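Participant: I'd like to go over a predicted model; first the sequence, then the structure.
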Amino acid sequence: MDDLLKHAGAASVYALLGVVIFASAFWVMVKCAPFSVKKEIGEDHNTALAIVMGSVILGLAIVVAAAIQG
């Protein structure tokens, strides 16, 4: 039982860290873009921008998963 709590706590910390990293990466991408990302993806249906943003998020997910596995 003690081992289960230890692993659940570690998983919670990594999940919170991953969410913070994803949010900060999204914020940086939005701030660096010379246009409105929300308007480009939502209203103008800019598929290329959506693919680029999704690729960055997927790359971060791979890095976070590798960090969790050790």
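Facilitator: Sure, I can see it.

Participant: tell me the contacts of the residue nearest the centre of the chain?
Facilitator: By C-alpha atoms, centre = their mean, the mean C-alpha position of the chain lies nearest to Phe22, the distance being 2.7 Å. The contact partners of Phe22, taken as C-beta atoms under 8 Å, 6 or more residues apart in numbering, are Ile57, Leu60, Ala61. To be clear about C-beta, it is placed using only N, CA and C from the backbone, and glycine gets the same treatment.

Participant: where's it relative to Asp2, distance?
Facilitator: Per C-beta to C-beta, to the nearest Å, Phe22 is found 31 Å from Asp2.

Participant: re earlier: which of the contacts of Phe22 count as buried?
Facilitator: Neighbour counting over the contacts of Phe22 (16 or more other C-beta atoms under 10 Å) leaves Leu60 as the buried ones.

Participant: excluding its backbone neighbours, what's nearest Val57?
Facilitator: One correction, residue 57 is Ile, not Val. Leaving aside its sequence neighbours, Ile57 sits nearest to Phe22 (C-beta to C-beta, 6 or more residues apart in numbering; 6.3 Å).

Participant: list the buried ones in the lengthiest helix in the chain?
Facilitator: Taking DSSP state H as the criterion, the chain has its longest helix at helix 2-32. For helix 2-32, a neighbour-count test (16+ other C-beta under 10 Å) marks Gly18, Ile21 as buried.

Participant: low-confidence regions, the protein specifically.
Facilitator: Applying pLDDT under 70 to the chain picks out residues 70.

Participant: now for Val64, how many residues are close by?
Facilitator: 17 (other C-beta atoms under 10 Å).
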